[in-house]
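Sequence and predicted structure are below.
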Amino acid sequence: MLPMAALSLPPVRVYCSGGAATPNSSISNNNLLGNHALDAAHIRRAAELADGSAGFTSPHPNFGCVIASKSGKVAGEGFLYAQGTKPAEVLAVDAAGDFSRRATAYLNMEPGDCHGDHSAVSALVQAGIERVVIGLRHPLQHLRGNAIRALRSQGLQVDVLGEDLNSKLIEEARKSCLLVNAPLICRAASRVPFSVLKYAMTLDGKIAASSGHAAWISSKTSRNRVFELRGRSDAVIVGGNTVRKDNPRLTARHGGGHMPMRIVMSQTLDLPEEAHLWDTSDVSTIVATQRGARRHFQKHLASKGIEVVEFDILNPREVMEYFHDRGYLSLLWECGGTLAAAAISSGVIHKVFAFVAPKIIGGKNAPSPVGELGMVEMTQAFDLIDVCYEQVGPDMLISGFLQPIPDVTPVIPSVDETFEIDPTVTPYESRIIFFYKTWDPYGAFSNFSPHQIKMPDDSGDYEPWLSVEHYYQAQKFVGVDDPVAQDCVENIKSARSPEEAARIGRSMQRKRPDLVRCEWESVKIEVMYRALKCKFSIYPHLNAMLLSSAGCVLVEASPHDLFWGGGRDGEGLNYLGRLLMQLRSEFLGESPTSS
Ligand SMILES: NC(=O)C1=CN([C@@H]2O[C@H](COP(=O)(O)OP(=O)(O)OC[C@H]3O[C@@H](n4cnc5c(N)ncnc54)[C@H](OP(=O)(O)O)[C@@H]3O)[C@@H](O)[C@H]2O)C=CC1
Ligand SMILES: Nc1c(N[C@@H]2O[C@H](COP(=O)(O)O)[C@@H](O)[C@H]2O)[nH]c(=O)[nH]c1=O
C-alpha cells in the first residue's frame, strides 16, 4: 500500500478490510476533544480506511466507515476492498456487532448504492445506528443525495460536513475526504480520467543524460514507490520515444497487487518490432496512434495481441476522453518531456509527482521533465496546490495538484435538483440506455455488479457464485480434465471481486488456450443467458429495473469488447445488451424475437 503521505493524510497503515477496533484506540476521550474535534477525527480515520485497497485492486470509488459508540470509542471499522465486494458500512457494523445500537457511523463519502439494493443504507438502519456523519456527498450526479435522503427518511440524524457541520477542524477533515476520492471527483467534473504525471530528475533538472540514457536517476527506494503508484492506476502511459529509448516494462512490481494496463501514444508508429511492452503475458498494452499510421506495423502489433486504437487527431485530450468513456478512473503518465508538455497544455494532468535525486548530470541537450509550454515570463508558471515534500531514501519527492480538486457541490447537482430546475428533464429516460461501469446509472446491468447468483453444477446441486462474471469466467474451464483448469475454476470462484475473477479467467485463456473447454464458443451465449436469468429472477429490484427499461435499447458501452459490448462507434455486437433485452421480453411475456 502506498504510504498515506501520497494523499497528504496522516501515515496510518490499514491491514484489513473490516475489524473491531483495539480497545485503547487513540480517539476515545470525549472529554479531551470537543464534538467537532471528535467528528473530525473519526471522519479522517474513515478517509484513511477508504484508502485501504489502494494498489491491491483496480482503482474504484473509495469508501471507509467507522462506528463509534456514544462515548466516542471506536467499535468497528471497514473499507470497500474492491468494486463488487462488501460495502464498508456492512463490514463496519458487522465488526461492531451490538455496539452499533445507538452509535454514530462516520463515512468519508455518501454511499453510492448504485444497484438499487441500498445495502449500505440498510446495514446502518438495521444495525440501529442513530446518527450518520458524512464527509462528502457522492460526486456522481445520479447518486448524489440518494443515500442521505434514504437515511433521513428512516429517522437517522445525518450530518454532512460543510453543510450541517462547519469549523476549521471540520474543513480539514473534509479535505481528507476530497483527497481520498480525488480521482473520482476530478473525473466526474472534468470528464477525463484523473491523471498523475510522474518523473525522476537530477538536481539540475534532467530526466536523462544527453545520450538519452536514464537508468537510473532515482534510488531503488523511490522506484519501489513508483511501483506502488502504478498499482494505484488503471494504466501507465508513455510516448513513442520513451519506448524507443528505454524499452520499459511499466509493470507494478510491488508484490501481488493490481497491475495497470500499459498505453503507448505514438503518432508515427515508428516503434521497435520487439519490445517489453509487446509481451502481454501478464498485462495488456494498448497503442494509441494517428489514423492510417503504418498499417502493416499495426497488423504486426495485433498479431502480438496488442490493441491498436486509431485517432483522427492524436492529442492527449482526445485520448483521455476515449479512456474516460472506457471507464478508466486513474492514469499514471511516465512519459518524457515532449508528451508531458502536450498533456499539461491540453489540461489533462491533475497531479504531479517529481522525484528529485541529489545528482548532477549536466548536458546542454539533456532532456527535462516538461518540454515547450509556450510561456515567456515566470509569472505565467503553474503554481502547484497542496504541495507535499517527503524524503524517499536519498531522494526528495515533491507532489502537488496542478488543478484544485473541484468542488462538486455547485457543479454537479443531484438528479432531484436537476428535476427541480427543469421538471421536463428525466435523466434516466433515453431511447438507448448505455451501461458499463457498475457505478453508472443502470450499472446493475453489468456483469460486474455485485449480485450473487446460484447456478446448478454437474450433479444438479445449486452452487453460489459471487457475481455473473465469476460464474461466466469459471465456465470457460469447467469440465476440462486438467488440474490447472480445475484450480483455475476454484481461483475464479474465490476471487474477491468480479474484476479479479475476470482477470484470472482472461489471463488463463490468453496463456493457456488449450485449457478452455472445446465447445466454449458455441455455448458461451447460453451460459451467459442462464446466469443473467438467475440474476434478474432472484433480485426483485433488478427485475423491476430491467422491466422499467422497456422500450429502450440496452447497450453495454464497452468500447473494446466487440462481442459482449457495443464498441466505440457502435461496431460491437452488443450481445450482453441483446440478452438483457431478450430476457426483458421474456419477463414481460412477449416473444423474445420482438425485442
Ligand atoms: N526520468 C524519467 O522520469 C523519464 C525519463 N525519460 C527519458 O526521456 C527521454 C524521452 O523523452 P521524450 O522524447 O520527451 O519522450 P516521450 O515519452 O514524451 O515521447 C514523445 C513521443 O510521444 C509521442 N506522441 C504522441 N502524441 C503526441 C503528442 N500529441 N505530442 C507529443 N508527442 C506525442 C510521439 O511519438 P512518435 O515519435 O512515436 O510518434 C513523440 O515522439 C528518454 O531519454 C527517456 O529515457 C522518459 C520518461 C521518464
Ligand atoms: N529513469 C527513471 C524512470 N523512468 C521511467 O521508468 C520507465 C522504466 O520502467 P520499468 O521498465 O518498468 O522499470 C522508463 O521508461 C521511464 O518511464 N523512473 C524512475 O522512477 N526513476 C528513474 O530514474
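In hand now; what should we look at? Ligands and ions are numbered 1, 2, ... in the order given.

Would you mind listing where the stretch 201-350 of the chain has pLDDT under the threshold?
For the stretch 201-350 of the chain, no stretch has pLDDT under 70.

and what of the chain?
1-34, 114-117, 408-431, 569, 590-595.

quick check: domain ranges of it?
Domain assignment for the chain by automatic domain parsing gives 4-180, 184-401, 415-594.

With distance to Asp407 and mean neighbour count added, can I get those in TSV?
C-beta coordinates here come from the backbone N, C-alpha and C atoms, glycine included. What follows is the domains of the chain, written out as TSV (distance: least, Cβ to Cβ, whole Å; neighbours: other Cβ atoms under 10 Å):
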stretch	distance to Asp407	mean neighbour count
domain 4-180	9	21
domain 184-401	9	18
domain 415-594	15	17
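
Would you mind listing what in the stretch 101-250 of the chain touches ligand 1?
Residues of the stretch 101-250 of the chain lying near ligand 1 by Cβ under 6 Å from any ligand atom: 199-200, 207-208, 212, 214, 217, 238-242, 245-246.

can you tell me which of these lies nearest to Asp282?
Comparing these against Asp282 with Cβ to Cβ places Val238 closest, at 17.1 Å.

quick one on the thing from earlier: right, and the pair among the residues of the stretch 101-250 of the chain next to ligand 1 with maximum separation?
Ile217 and Gly240, at 20.8 Å, using Cβ to Cβ across these.

And the residue of the stretch 51-200 of the chain closest to ligand 2?
Ala200 (3.2 Å; Cβ to the nearest ligand atom).

and that residue, which of the three is it?
strand (DSSP: H, G, I helix; E, B strand; the rest coil).

Leaving out chain neighbours, which residue sits closest to it?
What sits nearest to Ala200 in space, not counting adjacent residues and going by Cβ to Cβ, 6 or more residues apart in numbering, is Ser218, at 3.8 Å.

Distance of the one you found relative to Gly337?
For Ser218, the distance to Gly337 equals 16 Å [Cβ to Cβ, to the nearest Å].

Gly257 too?
29 Å.

ok, what's across the strand from the residue of the stretch 51-200 of the chain closest to ligand 2?
Phe355 (DSSP bridges).

wait, isn't it in contact with Ser219?
No: if you go by Cβ atoms under 8 Å, Ala200 and Ser219 don't touch, sitting 9.2 Å apart.

so what sits against both of those two?
Ala357, Asp395 (Cβ atoms under 8 Å, 6 or more residues apart in numbering).

so does stretch 269-278 get close to ligand 2?
No: if you take Cβ under 6 Å from any ligand atom as the test, stretch 269-278 misses ligand 2, and the best it gets is 6.6 Å.

end to end, how far does that stretch reach?
From its first residue to its last, stretch 269-278 covers 13 Å (Cα to Cα, to the nearest Å).

Can you tell me what sits against it?
Residues contacting stretch 269-278 (Cβ under 8 Å, 6+ apart): 240, 243-244, 247-250, 262, 264, 285, 287, 289-290, 293-294, 297-298, 300-301, 304, 306.

Now the phi/psi pair for whichever residue of the stretch 301-450 of the chain sits closest to ligand 1, please.
Residue nearest to ligand 1 within the stretch 301-450 of the chain (Cβ to the nearest ligand atom): Gly336, separated by 2.0 Å. Taking degrees, to the nearest 10, you get phi -80, psi -170 for the backbone angles of Gly336.

Against ligand 1, how distant is Tyr81?
To ligand 1, Tyr81 is 31 Å away according to Cβ to the nearest ligand atom, to the nearest Å.

how far away is that residue from Ala444?
From Tyr81 to Ala444 the distance is 20 Å (Cβ to Cβ).

which residues does Cys65 contact?
46, 49, 77-79, 87-89, 91-92, 105-107.

repeat for Thr221
Val392, Gly393, Pro394, Asp395.

farthest residue from the center of this protein?
Farthest-out residue of the chain from its mean C-alpha position, per Cα atoms, centre = their mean: Lys364, at 41.1 Å.

and it, what element?
According to DSSP states H and E, Lys364 maps onto no helix or strand at all.

Could I get the contacting residues of it?
With contact taken as Cβ under 8 Å, 6+ apart, Lys364 is in contact with Ser210.

Okay, it and Asp204: tell me how far apart.
Plainly put, Lys364 is 11 Å away from Asp204 if you go by Cβ to Cβ.

Confirm for me that Gly572 is in contact with Tyr436.
No: counting by Cβ under 8 Å, Gly572 sits too far from Tyr436 to count as a contact (11.6 Å).

okay, and the common contacts of the two?
Glu556, Ser558, Gly565.

what does this structure have sitting close to ligand 1?
199-200, 207-208, 212, 214, 217, 238-242, 245-246, 265-268, 270, 314-315, 334-339, 342, 367.

Those residues in strands, which ones?
Tyr199, Ala200, Val238, Gly239, Met265, Ser266 (DSSP state E).

Just flag the most distant two among those.
The distance between the two most remote of these (Cβ to Cβ) is 22.2 Å, for Ala200 and Ser266.

Show me what from this structure comes close to ligand 2.
Counting by Cβ under 6 Å from any ligand atom, the chain sits next to ligand 2 at 200, 214-218, 222-223, 226, 238, 242, 246, 248-251, 334, 355.

Now with 8 Å, please.
Residues of the chain lying close to ligand 2 by Cβ under 8 Å from any ligand atom are 198-200, 207-208, 214-218, 222-223, 226, 236, 238, 242-243, 245-251, 253, 276, 334-336, 355, 357.

picking up where we left off before, which one of the contacts of Thr221 sits closest to ligand 2?
Asp395 (9.0 Å).

For the closest one, give its distance to Pro358.
Taken as Cβ to Cβ, the span from Asp395 to Pro358 is 7 Å.

With Ser497 instead?
Separation of Ser497 from Pro358 (Cβ to Cβ) stands at 41 Å.

got the contact list for Val287?
Ile263, Val264, Ser266, Leu269, Leu271, Leu301, Ile306, Glu307, Val308, Val309.

quick one on the thing from earlier: so of the contacts of Cys65, which ones are in strands?
Glu77, Gly78, Phe79, Ala105, Tyr106, Leu107.

helix or strand right after the longest helix anywhere in the chain?
The longest helix of the chain (DSSP state H) is helix 520-538. Along the chain past helix 520-538, the next helix or strand (assigned with DSSP H and E) turns out to be helix 540-548.

In terms of secondary structure, what does that next one contact?
Applying 3 or more Cβ pairs under 8 Å, 6 or more residues apart in numbering; DSSP states H and E, one finds that helix 540-548 contacts helix 520-538, helix 575-588.

The closest residue to Met261 other than its chain neighbours bridge partners, please.
Nearest-residue entry for Met261: Ala235, 4.2 Å, with adjacent residues in sequence omitted and distances by Cβ to Cβ, 6+ apart. Applying DSSP bridges to Ala235 gives these bridge partners: Met261, Leu331.

ok, Ala235 touching Val264?
No: Ala235 lies out of contact with Val264 (Cβ under 8 Å); the separation is 10.5 Å.

Not counting its own residues, what contacts the helix or strand containing Ile504?
Ile504 belongs to helix 498-511 when assigned by DSSP H and E. Identification of contacts with helix 498-511 by Cβ under 8 Å, 6+ apart yields 57-58, 82-84, 280-282, 305, 447-450, 466-470, 472-474, 476-477, 488, 491-492, 495, 515-516.

Repeat the analysis, applying 6 Å as the threshold.
Outside helix 498-511, the residues within contact range by Cβ atoms under 6 Å, 6 or more residues apart in numbering are 58, 84, 448, 467, 469-470, 473, 476, 488, 491-492, 495, 516.

Ok, stretch 521-533 next?
Counting by Cβ under 6 Å, 6+ apart, residues outside stretch 521-533 touching it are Ile453, Val468, Tyr471, Tyr472, Gln475, Leu579, Leu583.

Including distance to Cys65, could the residues you listed go into CSV?
As requested, the contacts of stretch 521-533 are arranged in CSV below (distance: Cβ to Cβ, whole Å):
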residue, distance to Cys65
Ile453, 27
Val468, 27
Tyr471, 29
Tyr472, 31
Gln475, 35
Leu579, 35
Leu583, 35
